[in-house]
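Trainee: Here you go, sequence then predicted model.
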Amino acid sequence: MKYAYYPGCSLHSTSREYDISTKAVCQALEIELDEIPGWICCGASSGHMTSELLALALPVKNLVLAREMALDTAVACAACYSRLKVANKVMRSNGDARVAYVDKTVGSTYRGEAKVKHLLEVVIDEYGLAALRDKVRRPLAGLRIAAYYGCLLVRPPEVTQFDDPEDPTTMERLISALGAEPIDWPYKTECCGGSLALTRTHIVAKLCHDILQMAADEGAECIMVACPLCQSSLDLRQAQVNRQYKTDFHMPVLYFTQLIGLALDVGNKELGLSRLIVSPDSLLRAKALI
Amino acid sequence: MSLQLPLGESGTSFLREVERQSGQHLARCYQCGKCSAGCPIAFEMDYPPHQIIRGAQMGMRDLVLTSRTIWLCAACETCSTRCPQDVDPAGVMDALRRIAYTEGIRSPERDVPLFHRLFLGSVRQFGRVFEVGMIAFYNLFSGHLTKDLIMAPKLLLKGKLSVLPPSRRHARGVKEMFARAEALEGELK
């Protein structure tokens, strides 16, 4: 298995541990990741909120590079994933006036040829949970995990076609395959407010407070995420949540790749666990996982 | 919300522009309010999403484009996923923001468009986002000089922030692409 890998900006800065653990896990599973040479930012929220053409041209520029590699594209960030898939949907459509303008902006002709998959889809659908289960060397026994999907993996469903947008269960199946226990909770697709992280941080703190509270109330010991923006909101801003709401959360927020890596026993250094702000060490030690 | 129809042609032309940019037929919205019921940010907005859609239907350009709502919408897509009339309110918010942004319409939520300007400025210059630079400019221009400064040492220690910008080689052709997008966007209208 081989993919064109699109890490996106966050994985090269605030979420390096997602990049590191992705590479470590894919290596252990013999999934080859070829980073798209010369990839650029997908434009994120700022692109689609301010410019009709940049919203599409920035992702399309990357998809044109991926097409040259003749490989399916594996994306780690749920927000990048959404932008790349929106671009593909528009560029594949007939009669959308924007298509010709995007082509002119990018300087190439693109009709959605590059297939885009989130890393979760690569691992769960293409590698397969049965095959993954066979590779588990250290089941995450007794670890109660809240699967948090956030927004852009599942919404809008006609773009991402990922899972049920109101009650997805893909990550819960992964958690079970790793030998851990997925909790049943209603906030798995609530928004963390990621696009307002810098500008209206008190809103992010409110949304994250509700998510953390619900996860804690339902008995979660940690949260599993598949998006660097969700992770930053819940982990980086947890201290602010505690200050703003006089709470005392100590809820580790781990990437799904880190949890897979723990179960595969690929080595803690390779998983970037020490880069998380809310340390998972005492929890993982209590479960004899490190 | 005062539902006073604007006089003259401007109301309809505004509605048409929003419909073109968003690809939505706004007459389909029958104001059930489901978008507002599920909106995670509604508690902070001056007008809940369904009122913004109503305002657009009625051509209330000023009210809609100067609202806080259009900049507070986090684009979580909950409304668009649930709309029983197959309207895409998040897409309408995008269209409204773009019109307000392009025309430089002042909003009480000025920090949010400032952030977008600096974010895209970083992408234009480096091809990728240079977070330290962007945050420094954001704090400077927004006047929130010390915002998030308390987190800086920890982030640096954890290797989560790079004080050096990304290599310029990723930016090849990006400035030109931005320039073409800007020039062509006028033609799309």
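Mentor: Received it, and whenever you're ready, just let me know what you need.

Trainee: Just give me the neighbour total for residue A:192.
Mentor: For residue A:192, the tally of surrounding residues (other Cβ atoms under 10 Å in any protein chain shown) stands at 27. Glycine gets a C-beta too; all of them are placed from N, C-alpha and C.

Trainee: repeat for residue B:44
Mentor: Residues near residue B:44, counting by other Cβ under 10 Å, number 17.

Trainee: That one is in contact with residue B:73, isn't it?
Mentor: No. Shown here, residue B:44 and residue B:73 do not form a contact pair, counting by Cβ atoms under 8 Å, at 10.2 Å.

Trainee: what pLDDT does residue B:159 get?
Mentor: pLDDT for residue B:159: 86.

Trainee: and what of the one 4 residues further on?
Mentor: Per-residue confidence (pLDDT) for residue B:163: 83.

Trainee: Make sure it is actually in contact with residue B:132.
Mentor: Yes. Taking Cβ under 8 Å as the contact criterion, residue B:163 and residue B:132 are neighbours in contact, 5.5 Å apart.

Trainee: More neighbours: which of these two?
Mentor: When neighbours are counted by other Cβ under 10 Å, residue B:132 comes out ahead of the other of residue B:163 and residue B:132, with 17 against 9.

Trainee: Phi, psi for that one please.
Mentor: Its backbone dihedrals place residue B:132 at phi -60, psi -40, with angles given as degrees, to the nearest 10.

Trainee: mind listing what it touches?
Mentor: Contact analysis of residue B:132 by Cβ atoms under 8 Å, 6 or more residues apart in numbering or on different chains lists B:161, B:162, B:163, B:165.

Trainee: got the phi/psi numbers for the nearest residue in space to the second one that is not next to it in sequence?
Mentor: When you say that, I think you mean residue B:162. Leaving aside its chain neighbours, residue B:162 sits nearest to residue A:13 (5.9 Å; criterion: Cβ to Cβ, 6 or more residues apart in numbering or on different chains). With angles defined as degrees, to the nearest 10, residue A:13 sits at phi -140, psi -100.

Trainee: got it, and residue A:74?
Mentor: Residue A:74 has phi and psi values of phi -100, psi 120 when expressed as degrees, to the nearest 10.

Trainee: excluding its backbone neighbours, what's nearest it?
Mentor: Residue A:74's closest residue in space is residue A:3 (Cβ to Cβ, 6+ apart), at 3.9 Å.

Trainee: again with residue B:17
Mentor: Nearest one to residue B:17, counting by Cβ to Cβ, 6+ apart, is residue B:99 at 6.7 Å.

Trainee: ok, now how distant is the one you found from residue B:21?
Mentor: Residue B:99 sits at a distance of 7 Å from residue B:21 (criterion: Cβ to Cβ, to the nearest Å).

Trainee: Nearest spatial neighbour of residue B:108, chain-adjacent residues omitted?
Mentor: Leaving out its chain neighbours, residue B:108 is closest to residue B:68 (Cβ to Cβ, 6+ apart), at 5.6 Å.

Trainee: Tell me the one among the contacts of residue B:132 nearest to residue A:48.
Mentor: Of all the contacts of residue B:132, residue B:165 has the smallest distance to residue A:48: 24.0 Å, by Cβ to Cβ.

Trainee: so that closest one makes contact with residue B:123?
Mentor: No. In this structure, residue B:165 is not within contact of residue B:123 by Cβ under 8 Å, at 11.8 Å.

Trainee: hmm, what's the outermost residue in chain B?
Mentor: The C-alpha centroid of chain B is most remote from residue B:157, which lies 32.8 Å away (Cα atoms, centre = their mean).

Trainee: To clarify, my last question referred to chain A.
Mentor: Among residues of chain A, the one most distant from the C-alpha centroid is residue A:95; the distance is 32.2 Å, by Cα atoms, centre = their mean.

Trainee: Show me the strands in chain B, by range?
Mentor: Using DSSP state E, the strands of chain B do not appear at all; there are none.

Trainee: Only the buried residues of the lowest-mean-pLDDT helix or strand in it, if you could.
Mentor: Lowest by mean pLDDT, DSSP states H and E among the helices and strands of chain B is helix B:152-157, with a mean of 87. Using 16 or more other Cβ atoms under 10 Å in any protein chain shown as the burial criterion, the residues of helix B:152-157 that qualify are residue B:155.

Trainee: Could you see whether chain A lies near it?
Mentor: Yes. Helix B:152-157 is in contact with chain A by Cβ under 8 Å from any Cβ of the partner chain, via B:154, B:155.

Trainee: host element of the closest residue to residue A:251 other than its chain neighbours?
Mentor: For residue A:251, the nearest residue in space outside its immediate sequence neighbours is residue A:212; the separation is 5.4 Å by Cβ to Cβ, 6+ apart. Taking DSSP states H and E as the definition, one finds residue A:212 inside helix A:201-217.

Trainee: Against which helices or strands is the next helix or strand after that helix packed?
Mentor: Sequence order places strand A:222-225 as the next helix or strand after helix A:201-217, per DSSP H and E. Other elements packing on strand A:222-225 under the criterion 3 or more Cβ pairs under 8 Å, 6 or more residues apart in numbering or on different chains; DSSP states H and E are strand A:144-147, helix A:170-177, helix A:201-217, strand A:253-255, helix A:256-264.

Trainee: again, 7 Å this time
Mentor: Applying 3 or more Cβ pairs under 7 Å, 6 or more residues apart in numbering or on different chains; DSSP states H and E, we find strand A:222-225 packed against strand A:144-147, strand A:253-255.

Trainee: Tell me which strands that strand pairs with, and in which orientation.
Mentor: The pairing partners recorded for strand A:222-225 under DSSP bridges are strand A:144-147 (parallel), strand A:253-255 (parallel).

Trainee: shaky segments in chain B?
Mentor: Counting by pLDDT under 70, chain B contains low-confidence residues at B:1-9.

Trainee: Domains in it, by residue range?
Mentor: Structural domains assigned to chain B are B:10-102, B:111-188, following automatic domain parsing.

Trainee: Tell me which of these sits most buried.
Mentor: Between the domains of chain B, domain B:10-102 has the highest mean count of neighbours, a mean of 20, where neighbours are mean count of other Cβ atoms under 10 Å in any protein chain shown.
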